[in-house]
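K.L.:
Fold the following.
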Amino acid sequence: MFRSDLTRFADRAEAGRLLAERVKALGPRDPVVYALPRGGVPVAAEVAAALGAPLDLVLVRKIGAPGQPELALGAVVDGDAPEVVLNADIVAATGASEAFIAAARLRELAEIERRRARYLTGLAPVDPRGRTAVVVDDGLATGASARAALRALRRRGAARLVLATPVAPPETLKAMRGEADDTVCAVEAEVFFGIGAFYRDFHQLTDEEVIASIAAYRERMGSNA
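P.N.:
Below you'll find the predicted structure:
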């Protein structure tokens, strides 16, 4: 890990290649790489390629605050019993009611199902049981989505959890170390104005780009994908 408030990645693929070097140095045993879509997919594809590991998705949706949808109250991740993780201090500060959170949860679960149908049609999920699950996103702000993903994968039987991200503020990383067995971050940003500030190209990926990225990875890796 290195500290910098000026480093900018060219794009998510470059960030993924730099991150992959650090993840590979951990020597993860029998790894599976799980991307947080949309933005985490091209980053995770580079990590998975470096490890020669399967690439899968962990579908998580942020629950935004009332009137401030970009402020994360928490997140929900799919599964047999959907995992909901809340940021208690933000819930209290915004006055979000239980009814508001319940409605948001249902709405975001519906979007998760839509994405699953678009992104993973015909692809069987990879079972993390007994394996090293490497969770990858293109950056962390509050870490709510990554926290939900890690807890869900732990519940599904992952033997070891690695959280890997190109950039995050130190306070978020400190909090996440209680969720993952290892955390890997290329840039620990003391001054943090948002993930996009650390990329020259940080356009919002479309569903079509995500699908194309997954297909390109599978073609690149062949039978190892």
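K.L.:
Which helix or strand lies directly C-terminal to the longest helix anywhere in the chain?
P.N.:
What stands out as the longest helix in the chain, according to DSSP state H, is helix 98-119. The helix or strand immediately downstream of helix 98-119 is strand 132-136, counting by DSSP states H and E.
K.L.:
who's in contact with that following strand?
P.N.:
Outside strand 132-136, the residues within contact range by CB atoms under 8 Å, 6 or more residues apart in numbering are 16, 19, 23, 28-36, 40, 43-44, 47-48, 51, 53, 58, 146, 149-150, 153, 158-165, 180. Yep, even glycine has a C-beta here, placed from its N, CA and C like the rest.
K.L.:
Following the chain onward from the helix-or-strand element of the chain with minimal mean pLDDT, which element is next?
P.N.:
Scoring the helices and strands of the chain by mean pLDDT, DSSP states H and E places strand 2-3 at the bottom, with a mean of 44. Moving toward the C-terminus from strand 2-3, the next helix or strand (DSSP H and E) is helix 12-25.
K.L.:
Going by neighbour count, list what's buried in that next one.
P.N.:
Neighbour-count burial for helix 12-25 flags 12, 14-16, 19-20, 22-23 (criterion: 16 or more other CB atoms under 10 Å).
K.L.:
Over to stretch 137-155?
P.N.:
137-154.
K.L.:
Equivalent analysis for stretch 124-139, please.
P.N.:
Neighbour-count burial for stretch 124-139, counted by 16+ other CB under 10 Å, picks out 126, 128, 131-139.
K.L.:
so how far is it off the chain centroid?
P.N.:
In terms of CA atoms, centre = their mean, to the nearest Å, the gap separating the centre of stretch 124-139 from the centre of its chain is 10 Å.
K.L.:
again with stretch 193-201
P.N.:
The chain centroid and the centroid of stretch 193-201 are separated by 16 Å, computed with CA atoms, centre = their mean.
K.L.:
quick one: contacts of it?
P.N.:
Where contact means CB under 8 Å, 6+ apart, the residues beyond stretch 193-201 that reach it are 7-12, 15, 138-141, 166-167, 187, 189, 202.
K.L.:
one more time with 10 Å, if that's ok
P.N.:
When contacts are defined by CB atoms under 10 Å, 6 or more residues apart in numbering, stretch 193-201 is touched by residues 4-15, 39, 70, 137-141, 165-169, 186-187, 189, 191-192, 202-204.
K.L.:
Can I have the buried ones of those residues as a PyMOL selection?
P.N.:
Here is the PyMOL command that picks out the buried ones among the contacts of stretch 193-201, judged by 16+ other CB under 10 Å:
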select buried, resi 8+9+12+14+15+39+137+138+139+140+141+165+166+167+168+169+186+187+189+192+202
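K.L.:
Not counting residues beside it along the chain, what's closest to L86?
P.N.:
What sits nearest to L86 in space, not counting adjacent residues and going by CB to CB, 6 or more residues apart in numbering, is G74, at 3.7 Å.
K.L.:
now the helices for this structure?
P.N.:
12-25, 40-51, 88-94, 98-119, 144-155, 170-176, 207-221.
K.L.:
Among the ones you listed, which comes closest to K62?
P.N.:
Each of these has some distance to K62 by CB to CB; the shortest is helix 144-155, at 5.8 Å.
K.L.:
Could you figure out how far the closest one is turned away from strand 132-136?
P.N.:
Comparing the axes of helix 144-155 and strand 132-136 via axes from the mean of the first three to the mean of the last three CA atoms, to 10 degrees yields an angle of 170 degrees.
K.L.:
Low-confidence ranges, the chain, go.
P.N.:
1-6, 223-225 (pLDDT under 70).
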